[in-house]
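1. predicted coordinates and the sequence they were generated for:
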Amino acid sequence: MKKVAKRSVKKRRAEPLSRERISELHREHRGRIRARLQEFAAVPADEYFYECVYCLMTPQSSAVNASKAEHVLRQLDFRNTAIDPEPILHSEDYYIRFHKTKTKHLLAFKENYSSILHELTNGNSDIELREWLVRNVKGLGWKEASHFLRNIGRRDLAILDRHILRNLARAGILKGLPPTLTAKQYLAIEKKFLAFAEAIGIPMDELDLLFWSMETGEIRK
């Protein structure tokens with residue numbers, strides 16, 4: 001019987017992303033990007049609850065599914081009604097991974113929301129507020145807390161998901177994708193990202209949305 005030679009499988013390497021290309025793409029999309037950031041800045045305080053509900057559901061789940069589940073919870077008035085969110089998160093139409101754990105996080109968030117809202121509106125700096133959220137809201141890590149705060153108009157906080165990290169590596173800011181992110185690593189990469197943004201004259205928040213849209217084709221929240 002004829003032996004079939006084994007073919008080696010090489011990982012496809014992402015093409016480098018030059019500063020010139022980044023600037024070109026930014027010029028092309030900056031109108032939409034800035035309009036989106038203005039929408040975030042205009043989010044009223046009475047919307048903070050559901051913005052955080054959305055971010056509590058996004059880890060390792062589709063952003064589209066999280067948005068759909070948030071919409072259903074909003075329609076059911078989850079904030080003011082005693083309902084169990086688990087069946088909603090477990091729906092086949094917009095399945096949220098780790099729905100049991102995230103249900104616990106959502107219920108704890110709801111129970112403690114009055115104190116959380118106080119922190120969100122008492123004048124803390126963005127950096128101080130993010131650290132408080134990470135320490136006090138179960139389910140919000142550094143990425144999710146940054147995501148939530150960006151979605152309510154806070155600035156200069158990196159949302160280091162796989163899309164952003166991949167493009168930071170393509171741009172030469174990172175040597176590769178870190179397998180995990182400790183708090184120390186997260187803040188170190190954020191510092192590099194901010195320095196790179198300043199060097200090329202594009203705000204980090206705009207670069208974040210640009211990198212995201214390059215991966216997904218959308219400028220989502």
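-> Arrived safely. Numbers count the residues shown, from 1 in each chain.

2. going forward, measure contacts between C-alpha atoms and count neighbours the same way
-> Noted.

3. now the helices for the chain?
-> Under the criterion DSSP state H, the chain carries helices at the ranges 19-41, 48-57, 63-75, 86-89, 99-111, 113-120, 126-136, 142-151, 162-170, 183-200, 204-216.

4. make TSV out of the ones you listed and add mean neighbour count.
-> Putting the helices of the chain into TSV (neighbours: other CA atoms under 10 Å) gives the following:
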stretch	mean neighbour count
helix 19-41	15
helix 48-57	22
helix 63-75	18
helix 86-89	19
helix 99-111	18
helix 113-120	14
helix 126-136	17
helix 142-151	24
helix 162-170	19
helix 183-200	15
helix 204-216	20
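
5. nearest to residue 177, of the ones you listed?
-> helix 162-170 (6.4 Å; CA to CA).

6. one step back: would CSV of the helices of the chain with distance to residue 176 be doable?
-> Formatted as CSV, the helices of the chain follow (distance: least, CA to CA, whole Å):
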stretch, distance to residue 176
helix 19-41, 18
helix 48-57, 26
helix 63-75, 24
helix 86-89, 33
helix 99-111, 30
helix 113-120, 35
helix 126-136, 26
helix 142-151, 18
helix 162-170, 6
helix 183-200, 12
helix 204-216, 16
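
7. can you pull the contacts of the spatially most central residue of the chain?
-> Centroid-nearest residue in the chain, with CA atoms, centre = their mean: residue 147, separated by 4.1 Å. Contact analysis of residue 147 by CA atoms under 8 Å, 6 or more residues apart in numbering lists 55, 158, 159.

8. in a markdown table, list the helices of the chain along with distance to residue 177 and mean pLDDT.
-> Putting those into a markdown table (distance: least, CA to CA, whole Å; pLDDT from 0 to 100) gives the following:
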| stretch | distance to residue 177 | mean pLDDT |
| --- | --- | --- |
| helix 19-41 | 19 | 94 |
| helix 48-57 | 23 | 96 |
| helix 63-75 | 21 | 94 |
| helix 86-89 | 30 | 94 |
| helix 99-111 | 26 | 96 |
| helix 113-120 | 32 | 96 |
| helix 126-136 | 23 | 96 |
| helix 142-151 | 15 | 96 |
| helix 162-170 | 6 | 92 |
| helix 183-200 | 11 | 96 |
| helix 204-216 | 15 | 89 |
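
9. quick check: domain ranges of the protein?
-> Domains of the chain are assigned by automatic domain parsing as 19-41+158-216, 45-151.

10. can you give me the end-to-end span of the last one?
-> What it means is domain 45-151. In terms of CA to CA, to the nearest Å, the two terminal residues of domain 45-151 are separated by 12 Å.

11. from the chain's centroid, how far away is it?
-> Taking CA atoms, centre = their mean, to the nearest Å, one finds the center of domain 45-151 at 12 Å from the center of the full chain.

12. ok, now the first one?
-> Taking the mean of its C-alpha atoms, domain 19-41+158-216 sits 12 Å from the chain's own mean (CA atoms, centre = their mean).

13. next, the distance between the ends of it.
-> For domain 19-41+158-216, the end-to-end distance is 20 Å (CA to CA).
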